[in-house]
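> With the sequence up front, the predicted model follows.
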Amino acid sequence: MSRVAFINFLSLLIYKHRSKHIAIFCISTLLITLLSSVLFISSSIKYDVFKTLNAQPDFIVQKIRGGRSVDIDNNLADKFRKIRGISDAQPRVFGRYFIANQMEYFTIVGVDFFEEELESEFKELFKNLDIKRFLQEDSMIVGDGVKNFLKENHYNNYFNFKTPLGENKKVTIFQTLPKESNLIGNDIIIMDVELAREILGVEKNRATDIILNVPNDAEKDNIKFKLLSLNYDTRVITKEDIKNSYEHLFNYKGGLFLLLFIISLLTFMLILYQRYSMINSNDKREIGVLRAVGWSIKDVLKLKVLESLTIGLWAFVLGVVLGYIFVFVLDAPLLRNIFIGFNNLQNSVSFTPVIDFGLLFSLFLFFIVPFVASILIPVWKIAIIDPIEVMK
Amino acid sequence: MIKIKNLNLIFNQETKKEFSALKNINLKISKNELIILKGVSGSGKSSLLSLISALLKPTSGEIIIDNRAISKLPEHHSSKFRAKNIGFVFQSFNLFDQLSVAENISLPLIPLGHNQAKIDKRVKEVMKLANISHKASQNIKDLSGGEKQRCAIARALANDPKIILCDEPTANLDRKNSLLFIKLLKELKNLQKTIIIATHDPLFDEVLFVDKVINIEDGELL
Amino acid sequence: MEIFLSNQLFIYLFSEGILFVLNIVALLGSLSILKSWDFNSTKPKQYKLEKRTYLIVLIILFSLIFKIFLLPYFAYTIDSLSSIVPGAMCGAGVISANEYGNILLFLKIIILFFIGIWLIINKMDQDAYNYPFIKTKFWFFSIIFVLLTFEFVLELIYFSNISLLTSVKCCSVIFGVTGDAKIPFGLSTVMLLVIFYLLYILNIVLSFQKNSLLLFASSLLFLYFAYLGVENFFGTYIYELPTHKCPFCMLQKEYFYIGYFLWGTLFLAIFFGVSNFVLKLLIKVELEVLYKYSRIFNTIFVILSSAYPLAYYIKNGVWL
C-alpha cells in the first residue's frame, strides 16, 4: 500500500463520516478522562503515602490489654535498645483529641525536642524551627485543616484544650505545617511531649507506643520474634504490615471502581458495535466502488479498521491529557472526595503529578482491547459487501 | 484473450427467487477488439461484465483470460487480478463526490503498492489522455456530466489495464458528450486495449471501428 | 478473592476474557468451515464460508497482537502483585506462590508459538490459488483454542490460589543465593558458557544447511542452555551481583526493562529455528526466510546477553 495516498484517503474518509465518528469520539474521551483521573489520583496518593511511610519506623511496639492498645512503659525502650540489631528505640506520645461535636478530632503528636534521635519525618520540619522561642510558652504547630477549623471557630492564635483532669490549657499556634503535607498532616498538632502528655492524659513514665529501627532487613523476622517473646502483652507492627494494609486499601478502592467502570465499558462496547454496524446504502456503494476498482477485502478491512482505530486512539490521547489536567492542574474537584474521604477535617490536598509507563499502558489496554473487539465484526461485515450494488 | 466456456450464473440458488441470469455462454474475444454487448436492461449484460472482471463467481463454466482461469480464484487473488488488468467505467460514474478528480483517479493505484511519486505521475498521464487535467483538483460534485464521465474513464485507465469494461457508459450523457466518449474509445483502441461495452444506445450502431456486436437476450447469446 | 481487585490483575483478566470471547467466535467459524468447506462448490454457501475466513483470520491476527502485548503485561501484573503478596520481592516469588504459576507461564509461551505458526500457515494458504491448507489450518486453530481455554481457566485457578497471608519464597531462595548455584548436570559456569556458544554456532550452521529436524533439536537445546546461561551468568552481570540469579527481576524498570528484549529475542530465535520442522510436519512445506530470521535473532540474543559481561569486564577489568 502506498502510504501517503492511503493515509490521505483514510483522513478524507474519516472526515466524510465524521457524524458517525463524533459521538463515539466524545463518549470514548469522556470514559477515558474519568478512568485516567481515577487512576492518576490513586497512584498519586499511593506515591505520597508510601513516600511518607518510608520515613516510618521499622517497628511499632504497643502494649495490649483487652485487645486494645494502652500506654506502654517507657523503660521498655531501654530494654529494647539492648537487643542486638535494634539501632534505636524511642517512646512516642500521641493521640486523638475530639472536639466540639465529638465527630472530628485533632491528632496530637508529642515531640521531645531534646531527644537526639528525632524521627526522620520531623527532622525536616524542625530544621528551621526556633526551638527556644517555641518552648518559652505552650505552643503548637498545626496542620492546615486544624488551622482552618480553628479559624472557623474564631480561634485565630491559640486554642483552649481541656485536659482529662478538667484543667484548661491555652496553647498558642506557633506555625502551620506546609500545605504539601496535607495528605497526612491535615489534622495534626505537634507540641512538646510533656504538654502532649498533659492534654492526652499519659503518665510521666509511660508512652503511647515505642518505635524501633532495625537497619538490617534480614534480622527483622528474628527481632520481631524476640520482641514478642520478651513481653507477652505487646503487639509488634512492622512497616511492611502498614504498607501491606495500605496496598490492600488502595487495591480495594481501585478494584471496586474498575468493577463499576466495567459496566460503562460494556455498554460502550455495545454502542460501538451497533454504531459501526449501521451501514447505509451510500456506505455500501463506497465499498462496492473500491472493490470494483481493485481493492481486495483485505484492503478494505485495513481501511475500515484503521478508520475506527484512529478515532479510538485520538480519543485516548485526548482523554488522558484531559484526565491529567483535571487531576494535576485542577486538583480533581468532586472526584477527590472518593479517595480523600469525608472523614474528619476538610482536606485541601494537592496531587503530586505521578505518571509511570505501567499506568499508561494499563489505561491503554483497558480501553483499546474492548474497543478493537467491538469493531472487528462490524468492520468485517462492511468489507465483505458484494460490490454488485454498484452495478445498478 | 478472453475465452468463456459454458458459463452459467444463477442468483439466489436453492431459494424461491432463483433466477438464471446467464445461460450457457460461450464466447471468444481477441486482443484489442472493441466489442459491443447489446441487449435490453435485465438481459444479463452487467452480469457478464461482472464475471469477466472477477467481481462475481459463476455457478458453472469457465472464464479464461490470457490463459489464466479466473473464475475460481480466491477473492484476494481475483482482486489483485482486477486491480492489475481491469478498468471499469460505470453507468452512474460511481465517483467519490467529496474527493477531487486526481484523488478519485488515484484510488485504483493504492492497493498496487506504488509509491506516491509514481502514482502522481500516472494520474497526470491519464488525466491528459482523458482531457481532464484542467480539473485535477476540483471536487467531483462541481463537475458536469461529461467531465464526470471523463474522470471515470481516467480512473479506469489509471492502472493501465489490458481490458476496459463499460456498463451503459452513455446512459447519463447528452448526445454531444456521448460522441466525445466514442471519440475517446478510438484512442483507447489505438492503445491496444481490449474494450467491451454493454449498451443499448443506438449511437454505437454507427461506430465504424467496432469489431464485433454480440446480442444478448434473457441471459443467452443470440 | 481480594487479589482480583488489584488494578493490574483486573485489567489483565478483563482483556484476556474479551480475547477469549473473540476466539470463541473464531472457533465457531472454524468449525463451520471444517464441516462444510468445498472449494469446488459454486453454491452461495461456499462463498459465504470464504468470506467467513476473513473474519477468523482477522480475529486470530488481533489475538496474536494483543497476546504479544499481554505477555509482558502479565509479567508487569505479577511484578505489581509482589507488593501485596507477603515475602515476594519480584515476580519470581509470585509465580512460585503455587504450583500453577510456572505451568501457566509455559503454556502462554507455547500458545504464542502456535499462533505464530498458524499465521505462517495462513499466509501460505492465502498465497496459493486453492486454499490447500485450509482444513489443516482450522484443525490447528481448534487445538490452539483448547490451549487458550486451558490458559484462561488456569489463570483463574492460579490467581485465586495466591495466598495473601502466607509468605512465599523470594527469588534469592528459589534461584539459589549462595554462590555455588547448582547448575544441572554438575556443570561449571565455564562449561555452561562453552555449551551455550557452541550451540549458537551449531544453530547458525544448521540454518545455513537448511536442516529443519536438526535445527529443531538444536534450538530446543539452545533454549534450555540459554535459559541456564542467562540465569546463572549473564543475568548476574545485568544485576552486577554474582548472587542475584533471577530471570524476572531484569524485567523491572531499574534495569531498563532489558529482560523483555533478552527473553523476547530468545523466543524469536527459538521460534524461527523450530518453525520449519513444525511446518513440515503440518503442511509438508518449509520457508527459507525462516532460516534467515532464526540466524538474525539468534545472533541478536547472543550479542545482547554477551554485552553485559563484556561491558562489565571492560569497565572494571575483572569478572564478577
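Nice, I can see it.

> Where do the strands of chain B begin and end?
Secondary structure of chain B, counting by DSSP state E: strands at B:2-11, B:19-29, B:34-38, B:60-65, B:68-69, B:86-89, B:163-167, B:194-199, B:212-217, B:220-221.

> Please identify the most buried of those.
The highest average neighbour count among these, using mean count of other Cβ atoms under 10 Å in any protein chain shown, belongs to strand B:86-89 at a mean of 26. To be clear about C-beta, it is placed using only N, CA and C from the backbone, and glycine gets the same treatment.

> who touches that strand?
A:292-294, B:49, B:52-54, B:108, B:149, B:152-153, B:155-159, B:161-167, B:169 (Cβ atoms under 8 Å, 6 or more residues apart in numbering or on different chains).

> Would you mind checking the average pLDDT for that strand?
Taken as a whole, strand B:86-89 has an average pLDDT of 91.

> Equivalent analysis for stretch A:57-66, please.
The predicted confidence, averaged over stretch A:57-66, sits at 85.

> Same question for that stretch: list its buried residues.
A:57-63 (16 or more other Cβ atoms under 10 Å in any protein chain shown).

> In three-state terms, label residue 84 for me.
Answering for chain A, as no chain was given. coil (DSSP: H, G, I helix; E, B strand; the rest coil).

> actually it's chain C I care about, not the one you picked
Assigned by three-state DSSP, the conformation of C:Ile84 is coil.

> you'd agree it is up against A:Ser245?
No - the pair C:Ile84 / A:Ser245 is not scored as a contact, 9.8 Å apart, by Cβ atoms under 8 Å.

> Settle it for me: which of these two has more neighbours?
Between C:Ile84 and A:Ser245, counted using other Cβ atoms under 10 Å in any protein chain shown, C:Ile84 has the larger neighbour count: 21 against 12.

> For the residue in chain C that chain B sits nearest to, which non-adjacent residue is spatially closest?
Distance from chain B to each residue of chain C (Cβ to the nearest Cβ) is smallest for C:Thr42, at 5.0 Å. Residue nearest to C:Thr42 in three dimensions, not counting chain neighbours: B:Thr59, with 5.0 Å by Cβ to Cβ, 6 or more residues apart in numbering or on different chains.

> rewinding a little: any chance of the strands of chain B in CSV with distance to A:Gly255 as columns?
Below are the strands of chain B laid out as CSV (distance: least, Cβ to Cβ, whole Å):
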stretch, distance to A:Gly255
strand B:2-11, 56
strand B:19-29, 60
strand B:34-38, 68
strand B:60-65, 61
strand B:68-69, 60
strand B:86-89, 57
strand B:163-167, 61
strand B:194-199, 65
strand B:212-217, 70
strand B:220-221, 71
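
> And these: which comes nearest B:Ala130?
For B:Ala130, the closest of the strands of chain B is strand B:86-89, at 10.6 Å, according to Cβ to Cβ.

> what about C:Phe152, which SS state?
Applying three-state DSSP: C:Phe152 is helix.

> Neighbours of it, how many?
C:Phe152 has 16 nearby residues by other Cβ under 10 Å.

> Please verify my assumption that it contacts C:Tyr12.
No - counting by Cβ under 8 Å, C:Phe152 does not reach C:Tyr12; the two are 11.6 Å apart.

> all helices for chain B, in order.
Under the criterion DSSP state H, chain B carries helices at the ranges B:45-52, B:75-85, B:101-106, B:116-129, B:145-157, B:175-190.

> Of all those, which one is nearest chain C?
Across the helices of chain B (criterion: Cβ to the nearest Cβ), the nearest stretch is helix B:75-85, sitting at 6.1 Å.

> I'd say C:Ile109 and C:Gly264 touch.
No - using Cβ under 8 Å, C:Ile109 is not in contact with C:Gly264, being 11.1 Å away.

> C:Ile68 - how many residues pack around it?
Each residue near C:Ile68 was counted by other Cβ under 10 Å, and the total is 14.

> Where does residue 222 sit, in terms of helix or strand?
Assuming you mean chain A. helix A:220-230 (DSSP states H and E).

> I was thinking of chain C, sorry if that wasn't clear
Using DSSP H and E, C:Phe222 maps to helix C:212-229.

> Surely A:Phe161 and A:Lys169 touch.
Yes - contact criterion Cβ under 8 Å: A:Phe161 and A:Lys169 qualify, at 4.4 Å.

> Is stretch C:100-119 in proximity to chain A?
No - using Cβ under 8 Å from any Cβ of the partner chain, stretch C:100-119 stays clear of chain A, with a minimum separation of 13.9 Å.

> Show me which residues of the strand or helix carrying A:Phe40 are buried.
Using DSSP H and E, A:Phe40 maps to helix A:18-54. Residues of helix A:18-54 classed as buried: A:20-21, A:24-25, A:27-29, A:31-46, A:48-49 (neighbour count, 16+ other Cβ under 10 Å).
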